[in-house]
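In: Structure, please.
(one chain, ligands or ions: 1)
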Amino acid sequence: MKFYNLKDSSEQVSFAGAVKQGLGKQQGLFFPESLPKLDDIEQLLALPMVERSVQVLHPFVKEDLSKEQLTEIVTDAFNFPAQIQPINEKRAILELFHGPTLAFKDFGARFMARCLQAFSADKKLTILTATSGDTGAAVAHAFHGIENIRVVILYPKGKISLLQEKMFTTLGGNIETIAIHGDFDDCQALVKQSFDDQELKETIGLNSANSINISRLLAQVCYYFEAVAQLYRQQGKAALKDLVVSVPSGNFGNLTAGLFAKAMGLPIKRFVAATNANDTVPRYLQTGEWSPKDTVATMSNAMDVSNPNNWPRVEHMLRSGIVPEDCVSSKSIDEEQTQMTMIALQKLGYITEPHAAVAYKALQYNASDDEFGVFLGTAHPAKFKEVVESTLGQPIGLPKELAECATETILSVEQEADFAQLREYLLK
Ligand SMILES: *Cc1c(COP(=O)(O)O)cnc(C)c1O
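Out: From the prediction side, this is the model:
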């Protein structure tokens with residue numbers, strides 16, 4: 001299958017090309033030339049996750065990966081579960097945080113790392129990325145130990161929590177981390193300068209591994225299938241004829257993947273795109289005007305995005321009839337509602353964190369009592385320990401992934417926010 005640039009459909013690349021390039025010309029996003037309808041969905045749903053995922057992904061990658069290669073990659077990447085937990089008779093959460101960094105980003109990052117490894121052959125690659133927390137951990141763990149790929153992660157010194165820092169700076173090996181004397185924007189600017197430096201880019205084979213990469217989205221399609229598979233088993237097919245899925249959204253990659261799944265025939269009736277106070281999309285769907293405001297900081301900080309970079313993919317699917325235009329609604333949830341919802345879920349016996357709470361509340365606004373509603377749990381509550389403990393008034397234990405790295409040594413070097421210094425480091 002070919003992937004074309006949404007800004008210039010004459011630019012077409014294979015899956016391998018799209019993975020290696022990330023973005024097309026004029027920063028355009030790659031989009032699959034078709035979203036193949038899968039036949040016999042029920043039979044597909046009866047398969048184990050890895051086997052099913054191979055079938056879901058194969059049409060997209062078959063020019064570049066054999067079924068055997070794909071099976072190996074998927075087996076290795078999805079080596080932890082996605083888990084449906086019922087909340088009550090009509091609501092359930094899809095827990096996506098049982099991977100090594102306790103966030104759903106593990107699915108996409110691990111799949112991408114293994115695809116890149118397969119496509120880079122013997123060429124050495126350098127992944128350069130800036131992080132304000134979560135992405136760094138998912139990328140570092142996903143690429144750790146992968147031959148021929150060097151990972152360099154920049155982060156603002158002293159501006160992320162110690163536990164967050166330890167999750168990606170203690171691995172060593174092919175994972176190098178640089179604490180920059182500056183803020184997150186300085187780190188992003190250094191990454192951008194590096195990618196603008198053609199000579200540097202070619203010498204070290206620069207790639208960004210960020211969330212617009214099509215491989216990350218395709219990986220995420222698989223857990224929507226897994227969710228419906230588990231629900232069929234738990235609830236029976238009849239209970240799910242009106243299935244609504246609420247997605248806590250920042251850059252809207254997760255929602256894009258859900259819409260891919262729907263377009264391929266997965267029986268999801270519609271989606272709720274849940275946001276925090278950064279409400280560009282809900283305002284846009286209401287008024288038709290795209291007018292991002294300044295980003296505001298919230299408790300659900302992984303969704304503090306005012307100009308979501310995957311929106312053009314969603315827009316394209318809604319406008320071109322790939323999915324019904326009315327199958328996405330959107331709702332912004334404020335901080336007070338978020339906390340009240342965490343408490344309401346606690347009363348139902350479920351401990352959660354702000355991102356999932358935003359999704360649950362938006363689901364309650366948008367789905368009727370007759371509809372079956374699923375919301376996505378994108379991070380483990382322990383990753384947001386402070387706010388969860390202060391809101392719920394009960395201690396949250398650290399899972400072993402976090403507890404283990406808490407005692408490890410930080411291996412970062414420190415640098416000024418200075419491109420010349422970074423360039424020299426990268427070339428060494
Ligand atoms: C990245 C992230 C999101 C937002 O996902 P998008 O695909 O960018 O919309 C939501 N919750 C958590 C915990 C995240 O890390």
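In: Next, count neighbours for Ile410.
Out: Neighbour count of Ile410, defined by other CB atoms under 10 Å: 13. Quick note: C-beta positions are derived from backbone N, CA and C, even for glycine.
In: State the three-state secondary structure for it.
Out: Counting by DSSP: H, G, I helix; E, B strand; the rest coil, the backbone at Ile410 sits in coil.
In: from what I can see it touches Thr170, true?
Out: Yes: because the distance of 6.2 Å satisfies CB atoms under 8 Å, Ile410 is recorded as touching Thr170.
In: dump the residue contacts of Leu29.
Out: Contacts for Leu29 (CB atoms under 8 Å, 6 or more residues apart in numbering) come out as Asn5, Leu6, Lys7, Leu23, Ile212, Asn309, Asn310, Pro312, Arg313.
In: mind checking how far it is from the ligand?
Out: Applying CB to the nearest ligand atom, to the nearest Å, the value for Leu29 to the ligand is 13 Å.
In: coming back round to it: and the contacts of Leu29, which are buried?
Out: Among these, those classed as buried by 16 or more other CB atoms under 10 Å are Asn5, Leu6, Leu23, Ile212, Asn309, Asn310, Pro312, Arg313.
In: Helices - which of those residues land there?
Out: Using DSSP state H, the subset of these located in helices is Pro312, Arg313.
In: could the buried ones among the contacts of Leu29 go into a markdown table alongside distance to the ligand and pLDDT?
Out: As requested, the buried ones among the contacts of Leu29 are arranged in a markdown table below (distance: CB to the nearest ligand atom, whole Å; pLDDT from 0 to 100):
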| residue | distance to the ligand | pLDDT |
| --- | --- | --- |
| Asn5 | 21 | 97 |
| Leu6 | 17 | 97 |
| Leu23 | 16 | 88 |
| Ile212 | 10 | 89 |
| Asn309 | 8 | 91 |
| Asn310 | 7 | 95 |
| Pro312 | 14 | 96 |
| Arg313 | 11 | 97 |
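In: From the buried ones among the contacts of Leu29, which land in strands?
Out: Among the buried ones among the contacts of Leu29, the members found in strands (DSSP state E) are Asn5.
In: with the buried ones among the contacts of Leu29 in mind, which one is nearest to Asn301?
Out: Asn301 has its nearest neighbour among the buried ones among the contacts of Leu29 in Asn309, at 16.8 Å by CB to CB.
In: ok, that closest one - contacts?
Out: Going by CB under 8 Å, 6+ apart, Asn309 touches Leu29, Ser211, Ile212, Asn251, Phe252.
In: count of residues packed around Tyr4?
Out: 19.
In: Any idea what it is bridged to?
Out: Tyr4 has these beta-bridge partners by DSSP bridges: Gln12, Phe31.
In: Quick check: the gap between it and the ligand.
Out: For Tyr4, the distance to the ligand equals 22 Å [CB to the nearest ligand atom].
In: Likewise for Asp40?
Out: Asp40 is 29 Å from the ligand, by CB to the nearest ligand atom.
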